[in-house]
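1. generate coordinates for the sequence data below:
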Amino acid sequence: TGLADDEVFADPYEVGQDALAANEELDIDVPAEYGGRDFDSAPTDLDNRPAIWGMRGRVNAALGLTRPPLPDSAEARYRQSVRRVQQPLPGCMVVSVIGLKGDAGKTSTTTALANTFGTHRGRGVVAWDACENSGTLGDRADRTTDPELGPWDILENARALASADAVSGTLGHYLRLQPTHDEVLASDSSTSRQSGIGWDECAALMAVLRRHRDLIIVDTGNNATASNWQWAVQHSDMLVIPLPLRRDMAILTMNMLDGIIARGYEHLVRSALVLTVVLPGDKDSVDAALRLEGKLEQEFAALGGVGRIMRVPYEPKFASGERIHYHELGQATVEAYTNVAAEIADRLADRAYERAAEYADAFAPQEFTRPSQAERRPTRRPYSIPQPTTQSTPQGYDGDDYDQYPPRPPHEQWPPRSAPPRDRPFR
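-> Numbers count the residues shown, from 1 in each chain. Predicted coordinates for the structure are as follows:
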């Protein structure tokens, strides 16, 4: 459809041009200054709370001791990762989990990251299934709702949800709150609609989500030419690529990265986080996977490099197809995805302080000028005690003699307090 003369973005769901423009934020070259960060404790500072893991934790529990974990222990590293996950992230950040093959772990990775961020950051984290339709994020999430609302329910009310008088709690009616405090926006499960979620739908949904939430983790489909897939990639602050170490998935991943670079989004590839996992098997298959990992590092370097390659453990509950309960995941899995979330938070924080934060609303308050510093208070003139006078009428009060106060007229003098008679008994 054509655009009106006063329109820049297609707005079939009437969320407003300003709300859609918020999806197209411009970067700035100079990082925003924040002097308070110099006084914050560093994420590498040791947490001296008593240890609860390992032998030291068992000794503390048995003897009532309060010995902290060793600096190089797994518990100390985990606590440092938690502090990094909890660092401030100004604005609304978008992380897209991408891949071109089913069963690559996109949905389980999205769920694990959303659960981790929700556990340590609280409300404000949304896992969004941006597939055209029939995505599985809602089926893999820990908790669902009745009725199960989806993207079209939000789009039917997008104008009200993106308006200036919309409240954050209203959006929660359309999302599925998880036990880990994150929320899920599941995909449409209908297979009888004439069209699915496309470019305009993604733009309207994001205009609503970013108005009320802080961190959006997007689960994408498998079609790199689909408009919703391209929208998610182009409007991401960071890409996460789960990659089981198999030859077919490695080939598709390299082709996908080539296509992203060809579209002009090379910076997203340079900052991408690749999560490799060794699938279970015999010794020969494991050795082949490790050799493939070494070759991938060379291929990524030839491509110009990626942000970082991190290996995560194989989690059987991810491959089961059942709902993912965060508290039932293995300790190694929880620790690994906490480290991954910490790496994501570090990169998002660096990006957040490099871009301007702007109001994305037509009804945003006007800009105010910072008040100047108050001038030093001038030295007061010494106070002079008025001299008694014998005149029966009050003296004239001249405005120039503002340090002299006129005496009180006789008729306004306070009368003396009368004393009670001595023969009055005391009560």
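2. now do the helix or strand harbouring Asp139: distance to the chain's middle.
-> The secondary structure element spanning Asp139 is helix 137-140 (assigned by DSSP states H and E). Once both centres are worked out by Cα atoms, centre = their mean, to the nearest Å, helix 137-140 turns out to sit 22 Å from its chain's centre.
3. which residues touch that helix?
-> 107-108, 110-111, 127-129, 144, 148, 150, 176, 184, 186-187, 189, 219, 321-324 (Cβ atoms under 8 Å, 6 or more residues apart in numbering). Yep, even glycine has a C-beta here, placed from its N, CA and C like the rest.
4. in helices, which of these appear?
-> Cross-referencing the contacts of helix 137-140 with the helices (criterion: DSSP state H) gives 107-108, 110-111 as the overlap.
5. give me the buried subset of the contacts of helix 137-140.
-> Of the members of these, the ones counted as buried by neighbours, 16 or more other Cβ atoms under 10 Å, are 107-108, 110-111, 127-129, 150, 176, 184, 186-187, 219, 324.
6. turn the residues you listed into TSV, columns for distance to Ser236.
-> TSV is the format used below for the buried ones among the contacts of helix 137-140 (distance: Cβ to Cβ, whole Å):
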residue	distance to Ser236
Thr107	17
Ser108	19
Thr110	13
Thr111	18
Ala127	14
Trp128	12
Asp129	15
Gly150	22
Arg176	22
Val184	19
Ala186	20
Ser187	18
Asp219	12
Ile324	23
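7. return the member of those nearest to Pro280.
-> Closest approach to Pro280 among the buried ones among the contacts of helix 137-140 (Cβ to Cβ): Ser108, at 15.4 Å.
8. would you agree the closest one is in contact with Glu315?
-> Yes. In this structure Ser108 lies within contact range of Glu315 using Cβ atoms under 8 Å: 7.4 Å.
9. after the helix holding Asp139, which helix or strand is next? Please name it.
-> Towards the C-terminus, the helix or strand next in line after helix 137-140, according to DSSP H and E, is helix 151-156.
10. avg pLDDT for that next one?
-> For helix 151-156, the mean pLDDT works out to 93.
11. list the contacts of that helix.
-> Where contact means Cβ under 8 Å, 6+ apart, the residues beyond helix 151-156 that reach it are 13, 161, 171, 174, 185, 187-188, 197, 201, 204-205, 208.
12. now do it: distance to the chain's middle.
-> On the basis of Cα atoms, centre = their mean, helix 151-156 is displaced by 23 Å from the centre of the chain it belongs to.
13. in that helix, what's buried?
-> Applying a neighbour-count criterion of 16+ other Cβ under 10 Å, one finds 151-152, 154-155 buried in helix 151-156.
14. swap in stretch 57-71?
-> When neighbours are counted by 16+ other Cβ under 10 Å, the buried residues of stretch 57-71 are found to be 57, 60, 68-69.
15. next one: stretch 172-179
-> 174-176, 178.
16. nearest to Asp282 among these?
-> Distance from Asp282 was checked for each of the buried residues of stretch 172-179 by Cβ to Cβ. The minimum falls on Gln178, at 36.9 Å.
17. tell me if Ser134 really is in a strand.
-> No. Note on Ser134: no strand contains this position according to DSSP: H, G, I helix; E, B strand; the rest coil, which reports coil.
18. got the phi and psi for it?
-> Backbone torsions for Ser134, taken as degrees, to the nearest 10, come to phi 60, psi 40.
19. relative to Gly102, how far out is it?
-> Ser134 is 12 Å from Gly102, where distance means Cβ to Cβ, to the nearest Å.
20. so which of the two has more stuff around it?
-> A direct count of neighbours by other Cβ atoms under 10 Å for Ser134 and Gly102 places Ser134 higher, at 14 against 11.
21. who's in contact with Asp346?
-> 84, 87.
22. separation between it and Met238?
-> With the distance defined as Cβ to Cβ, Asp346 ends up 10 Å from Met238.
23. can you get me a residue count around the nearest residue to Leu215 once chain neighbours are set aside?
-> Ranked by Cβ to Cβ, 6 or more residues apart in numbering and with sequence neighbours excluded, the top spatial neighbour of Leu215 is Val125, at 4.8 Å. Residues within reach of Val125, counting by other Cβ under 10 Å, total 25.
24. checking the nearest residue to Thr109 once chain neighbours are set aside next. Helix, strand or coil?
-> In this structure, Thr109 finds its nearest non-sequential neighbour in Pro242, 4.6 Å apart by Cβ to Cβ, 6+ apart. Using three-state DSSP, the secondary structure recorded for Pro242 is strand.
25. could you do Ala203 as well?
-> Secondary structure, three-state DSSP: Ala203 is helix.
26. may I have the distance across stretch 229-249, first residue to last?
-> This stretch, stretch 229-249, spans 18 Å end to end (Cα to Cα, to the nearest Å).
27. how far is that stretch from where the chain is centred?
-> What separates the centre of stretch 229-249 from the centre of its chain is 20 Å, taken as Cα atoms, centre = their mean.
28. buried residues in that stretch, which are they?
-> Buried residues in stretch 229-249, counted by 16+ other Cβ under 10 Å: 229-246, 249.
29. and the next helix or strand past the helix or strand of the chain with the lowest mean pLDDT?
-> Least confident element among the helices and strands of the chain, by mean pLDDT, DSSP states H and E: helix 17-21 (a mean of 78). Where DSSP H and E defines the elements, the next helix or strand beyond helix 17-21 is helix 54-63.
30. now that next one: mean pLDDT?
-> When the per-residue pLDDT values of helix 54-63 are averaged, the result is 93.
31. what's whichever helix or strand comes after it packed up against?
-> Towards the C-terminus, the helix or strand next in line after helix 54-63, according to DSSP H and E, is helix 74-85. For helix 74-85, the contact count by 3 or more Cβ pairs under 8 Å, 6 or more residues apart in numbering; DSSP states H and E identifies helix 54-63, helix 106-121, helix 331-352 as packing neighbours.
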